[in-house]
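Novice: Here is a sequence with its predicted model. Questions after.
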Amino acid sequence: MIERKLYKEKPPRVDYFLTPLGKRSIKVIDTVNKFGEHLIDMNGINIRNR
């Protein structure tokens with residue numbers, strides 16, 4: 001889902017990017033996030049002051 005590209009430089013440099021599967025998973029992750037936010041709101045949980 002995430003691909004890592006290492007460049008042979010000094011100092012070393014690394015880039016990360018989403019694979020096609022990772023890009024397709026964004027909608028699922030967003031949906032789960034919204035569901036979690038909904039549960040937090042329904043239960044009156046304050047996550048900002050922890």
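Specialist: Received, thanks.
Novice: which stretches of the chain form helices?
Specialist: Per DSSP state H, the chain carries helices over the ranges 20-42.
Novice: how close does the spatially most central residue of the chain sit to Leu21?
Specialist: The chain has Ile29 as the residue nearest its centroid, 7.4 Å off, counting by Cα atoms, centre = their mean. For Ile29, the distance to Leu21 (Cβ to Cβ, to the nearest Å) stands at 12 Å. C-beta here means a position set from N, CA and C on the backbone, and glycine is covered the same way.
Novice: Val14 now?
Specialist: Counting by Cβ to Cβ, the gap from Val14 to Leu21 is 20 Å.
Novice: Likewise for Asp30?
Specialist: Separation of Asp30 from Leu21 (Cβ to Cβ) stands at 15 Å.
Novice: got it, and Asn33?
Specialist: Asn33 is 18 Å from Leu21, by Cβ to Cβ.
Novice: now this structure, which segments are flagged as low pLDDT?
Specialist: Residue ranges of the chain with pLDDT under 70: 49-50.
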